[in-house]
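**Q** Here's my sequence, what's the structure:
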Amino acid sequence: AAREKAMAASWLRGFASSARLFSSHASTSINRAVLCVKTSFNNTIVTLTHEDGKVIGWASGGSCGFKKAKRKTSLAATSALDAMVQKAKDLNFASLLVRMSGPAKVHRELLTRCAASGVRIEAIQNVTPRPHNGCRKPKARRV
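**A** Numbers count the residues shown, from 1 in each chain. The predicted structure is shown next:
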């Protein structure tokens with residue numbers, strides 16, 4: 001067990017510290033991965049998963065070294081995306097399925113950056129949750 005831990009530690013040393021990688025899922029060979037991008041007004045979280053949802057790794061604006069108000073900038077979002085696209089390249093994924101959710105102020109820039117990275121994008125989905133009819137209105141006030 002100690003030898004396996006040492007091998008895993010030496011294998012993980014080759015990856016950038018800005019992204020988290022779960023080695024138990026990284027050893028399997030898959031042709032297609034899912035790149036989930038969750039944007040908010042304060043941060044951007046990029047997750048690389050298997051098709052069935054098992055997380056391979058993740059990166060965010062905060063984990064890439066940006067603090068406080070700088071986490072919400074497009075530079076922080078693109079650096080988190082670059083870190084996870086590089087992981088996908090290192091793990092030899094043939095193609096990526098991109099799922100984006102949240103406010104779309106940096107979606108276009110992230111998509112152009114992802115397309116320019118050289119990884120084949122199979123599909124792009126916007127999975128932002130939308131209310132069907134909204135919340136129930138409050139009861140009318142009696143005066």
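**Q** Just checking, which helix or strand succeeds the longest helix along the chain along the chain?
**A** The residue-count maximum for a helix in the chain (DSSP state H) belongs to helix 74-90. The C-terminal neighbour of helix 74-90 among helices and strands, as given by DSSP states H and E, is strand 95-101.
**Q** and that following strand, which residues are buried?
**A** 96, 97, 98, 99, 100, 101 (16 or more other C-beta atoms under 10 Å). For glycine as for every other residue, the C-beta is placed from the backbone atoms N, C-alpha and C.
**Q** Could you dump the residues you listed into JSON lines and include pLDDT?
**A** Formatted as JSON lines, these follow (pLDDT from 0 to 100):
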{"residue": "96", "pLDDT": "88"}
{"residue": "97", "pLDDT": "91"}
{"residue": "98", "pLDDT": "91"}
{"residue": "99", "pLDDT": "92"}
{"residue": "100", "pLDDT": "92"}
{"residue": "101", "pLDDT": "92"}
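**Q** so where's the protein shaky on pLDDT?
**A** The model of the chain has pLDDT under 70 over residues 1-30.
**Q** Please tell me how far stretch 72-79 is from the chain's geometric centre.
**A** 12 Å (C-alpha atoms, centre = their mean, to the nearest Å).
**Q** buried residues in that stretch?
**A** Result for stretch 72-79 [16+ other C-beta under 10 Å]: buried residues 72, 74, 76, 77, 78, 79.
**Q** so what's the fourth one up against?
**A** In this structure, residue 77 makes contact with 39, 44, 46, 61, 106, 109, 110, judged by C-beta atoms under 8 Å, 6 or more residues apart in numbering.
**Q** host element of the residue nearest the centre of the chain?
**A** In the chain, the residue lying closest to the centroid (C-alpha atoms, centre = their mean) is residue 46, at 1.6 Å. Assigned by DSSP H and E, residue 46 belongs to strand 44-49.
**Q** chain center to that strand, what's the gap?
**A** On C-alpha atoms, centre = their mean, the centre of strand 44-49 falls 1 Å from the chain's centre.
**Q** just the angle between the strand or helix carrying residue 36 and strand 95-101, please?
**A** Residue 36 is part of strand 32-39, with elements assigned from DSSP H and E. Relative orientation of strand 32-39 versus strand 95-101 (axes from the mean of the first three to the mean of the last three C-alpha atoms, to 10 degrees): 20 degrees.
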